[in-house]
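> okay, sequence plus prediction incoming.
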Amino acid sequence: MEIKPKSPIKKGDTVEVIHGKDRGKRGKVLTLLPQDGKVVVEGMNMVKKHVRPTQKNPQGGIIDQENPIRISNVRLVCSRCNQLTRIKRTKVADSKFRVRVCTKCGEIIDKV
């Protein structure tokens with residue numbers, strides 16, 4: 001079993017697509033699929049899916065849904081400086097917790 005490195009992106013983060021058909025668009029991360037190295041971003045990589053009629057959806061038909069995108073094709077957007085950024089993980093001086101920090105402005109993103 002292969003051990004995957006910890007992802008710099010978490011559920012609820014705002015990200016921008018840097019490669020692919022949705023390049024330049026921003027959205028919120030809905031789900032993280034670490035075993036596949038992918039994320040599902042709200043409104044990105046939309047595909048049409050044919051669904052059968054069910055009790056919840058008696059009409060059936062064609063629906064639009066988000067497909068996963070590789071983590072390497074999205075970049076985190078800092079909420080303070082509003083720029084694409086990488087993160088670094090550092091310990092806060094007065095605490096034992098590690099936090100994610102924006103490499104551009106030094107803003108603490110959240111606790112790890």
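That came through fine. Numbers count the residues shown, from 1 in each chain.
> find the centremost residue of this structure, please.
Val29 (3.8 Å; Cα atoms, centre = their mean).
> what about that residue, which SS state?
In three-state terms, and counting by DSSP: H, G, I helix; E, B strand; the rest coil, Val29 is strand.
> okay, now Met46: neighbour count?
12 (other Cβ atoms under 10 Å). In this view, the C-beta of every residue, glycine as well, is placed from N, C-alpha and C.
> same deal with Cys102?
What Cys102 shows, counting by other Cβ under 10 Å, is a neighbour count of 20.
> who does the residue nearest to the centre of the chain form a beta bridge with?
Counting by DSSP bridges, Val29 forms beta bridges with Val41.
> and the residue lying closest to Arg89 once chain neighbours are set aside, what's its pLDDT?
Spatial nearest neighbour of Arg89, chain neighbours left out: Arg98 (5.0 Å); criterion: Cβ to Cβ, 6 or more residues apart in numbering. As predicted, Arg98 sits at a pLDDT of 85.
> likewise Gln65?
94.
> and the helix or strand bottoming out on mean pLDDT in the chain, how far out from the chain's middle?
Lowest on mean pLDDT, DSSP states H and E among the helices and strands of the chain sits strand 108-111, with a mean of 78. Counting by Cα atoms, centre = their mean, to the nearest Å, strand 108-111 is centred 16 Å from the centre of its parent chain.
> can you give me the end-to-end span of stretch 12-25?
Start to finish, the residues bounding stretch 12-25 are 16 Å apart (Cα to Cα, to the nearest Å).
> and it, how far out from the chain's middle?
Worked out by Cα atoms, centre = their mean, stretch 12-25 lies 9 Å from the chain centre.
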